[in-house]
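>>> Model the following, please.
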Amino acid sequence: MSQLTVRMTALAIVLLVLAPLLESQTRVRTPVRIPDIPGYVTLKCDFHTHTVFSDGSVWPNIRAEEAWREGLDAIAITDHLEYLPHQADLPPNSDRYYDRSFEIASPHGQALNLLVIRGSEVTRQMPPGHINAIFLETANPLKTEDWRDAIRTAHSQGAFIFWNHPGWVGQQPDGVARWYPEHTELVEAEMLHGIEVANSREYYPEAHQWCLEKGLTMLANSDIHYPLNLDYHVHEGDHRPLTLVFATERTPSAIKDALFDRRTAVYTGNILIGERQFLNPLFEESIDFLSSTTRIEGTGTGYIQIHNKSDVDFELSGEFSFEEIRVPNQMVLKAGRTSLLPIRGTSRERKGSQSFKLTYTVSNLKVAPDESLTVELPVTVEFVPPGQ
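Numbers count the residues shown, from 1 in each chain. Below is the predicted model:
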């Protein structure tokens, strides 16, 4: 055996030993930096995904892998009951075919500490449109001709039921979500618990308002069919829409309780949507004042340093008429960065310490379709005459 052959053989053995290690190094998880709020953990969830067991393009365990890598805590596999384009390739087992995607994805999720929830999509024309049921015991009995029977069956299993993409152009050509008597029927029977306020890259202000008026849970989901990287440029900071669930713990039962209790917010693009009781602590927990006091000589400028721990750029605007100071009417607290808030004095003679509350509107934190969250930034200024 030549010396070159020996070296090549040794190299092949080394590569064989290192291959699993090299592979594991490419499988990394990027956290979603949205903080917990007092009393709850903030779980990042996607409750509307598809696989090859309906009209998706990936195997179920890939959905779990994608979600783990993107920093999610939980996903639901919600394949269509009525639409099976790959049935010839995946011959159904009449006893449990509609549960197979969950059964394949769940073990991989467990291995990655990702929660996988059993679900299904009842796919009908408008009204009532497409309806998701999650936390099912089994999806198979939902395959019925009458959509009402399917929803009743899901309800009898204790499922959380929500209306998908109410303004989808496939059913609403003008892209405007409309409420129908059938939805009133479901709400009154307590068989409709939430609505997708955001689906894929669409936001439905009508659905946002319905959630507020009718006491329904706000959700944002991807409705992903293709491999994730084909729809979202995750390596450039893009992300799928997420339902933020404020749960007492990181378990399926706690997620289910939170959904029924309407403890959610929507995270889509650079926007957070939800009730004030959740958005306000999300903002407060995201912000660290590295300095809340500044010293100003006369008409000079001092700085407050604010660190944003979240993945959201907070877009602030306000109008101020303080006699003592001048502050910017608009500023952006950049995600993961420390921003400077400049404060300029207006008098060369002023001295002493004074506190101010700067009231800003955070335009990309929406508590209603036409209303943004207002926040207060408390600052203290020590005024010093020039030369002292």
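>>> next one: stretch 323-340 to chain centre, how far?
Its chain's C-alpha centre lies 26 Å from the corresponding centre of stretch 323-340 when counted by C-alpha atoms, centre = their mean, to the nearest Å.
>>> Buried residues of that stretch, list them for me.
Of all the residues in stretch 323-340, those buried under the rule 16 or more other C-beta atoms under 10 Å are 325-327, 331, 333, 335, 339. To be clear about C-beta, it is placed using only N, CA and C from the backbone, and glycine gets the same treatment.
>>> roughly how far apart are the residue nearest to A368 when sequence neighbours are not counted and V362?
Among residues not flanking A368 along the chain, L212 sits closest, at 6.4 Å (C-beta to C-beta, 6 or more residues apart in numbering). L212 is 18 Å from V362, where distance means C-beta to C-beta, to the nearest Å.
>>> Tell me which helix or strand the residue nearest to A368 sits in.
Following DSSP states H and E, the helix or strand that holds L212 is helix 205-214.
>>> So what's the residue count around the closest residue to V384 other than its chain neighbours?
Using C-beta to C-beta, 6+ apart and skipping residues adjacent in sequence, the residue nearest V384 is E297, 5.1 Å away. Burial of E297 is recorded as 16 neighbouring residues (other C-beta atoms under 10 Å).
>>> how near is E297 to M218?
If you go by C-beta to C-beta, the gap between E297 and M218 works out to 48 Å.
>>> what sits against W147?
When contacts are counted by C-beta atoms under 8 Å, 6 or more residues apart in numbering, W147 is found next to 122, 124, 128, 131.
>>> Low-confidence ranges, the protein, go.
In the predicted model of the chain, residues 1-25, 90-94, 388 satisfy pLDDT under 70.
>>> still on that earlier bit, so of the buried residues of stretch 323-340, which ones are in strands?
Using DSSP state E, the subset of these located in strands is 325-326, 331, 333, 339.
>>> Wait, a helix at D149?
Yes. Looking at D149 with DSSP: H, G, I helix; E, B strand; the rest coil, it is inside a helix.
>>> Assign a three-state SS to I343, would you?
At I343, secondary structure determined by three-state DSSP is strand.
>>> That one contacts T293, doesn't it?
No. Shown here, I343 and T293 do not form a contact pair, counting by C-beta atoms under 8 Å, at 10.4 Å.
>>> tell me, what's touching the two both at once?
Both I343 and T293 are contacted by 304, 379, 381, under the criterion C-beta under 8 Å, 6+ apart.
>>> Among those residues, which lie within strands?
Using DSSP E, those in strands are 304, 379, 381.
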